[in-house]
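3D model of this:
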Amino acid sequence: SYRIETSLKNRSKQQTILAVTNHIPFLMKADAIFYLSQGKITQAGGQEIFLDENVPLFHLKRLYQAVH
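Numbers count the residues shown, from 1 in each chain. Next up, the predicted model:
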């Protein structure tokens, strides 16, 4: 994960990168987030998606923070 993140940081800001992950720290650095459930996008947004208690990512972030 660290090597992938480092590689992406070195890319131009003008490039679009699509990454599929469940790694919360990686998601917290994304400009746009799409949450998929049963093969369909059920939530989309930016970092504000982590503030909505109705979105599963909100709870995943809280769980990650509690463990780390």
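
can you count the residues close to Asn54?
7 (other C-beta atoms under 10 Å). All C-beta spots, glycine's among them, are computed from the backbone N, C-alpha and C.

how close does it sit to Tyr35?
Asn54 sits 11 Å away from Tyr35, going by C-beta to C-beta, to the nearest Å.

next: Gly45.
Distance of Gly45 to Tyr35, given as C-beta to C-beta: 9 Å.

repeat for Tyr64
Look at Tyr64 and Tyr35: by C-beta to C-beta, they are 15 Å apart.

what's the answer for Ala19, then?
Distance from Ala19 to Tyr35, by C-beta to C-beta: 14 Å.

any weak-confidence spans in this protein?
Along the chain, the parts satisfying pLDDT under 70 run over 1, 12.

can you rerun that using 80?
Across the chain, the ranges flagged by pLDDT under 80 are 1-2, 4-14, 55.
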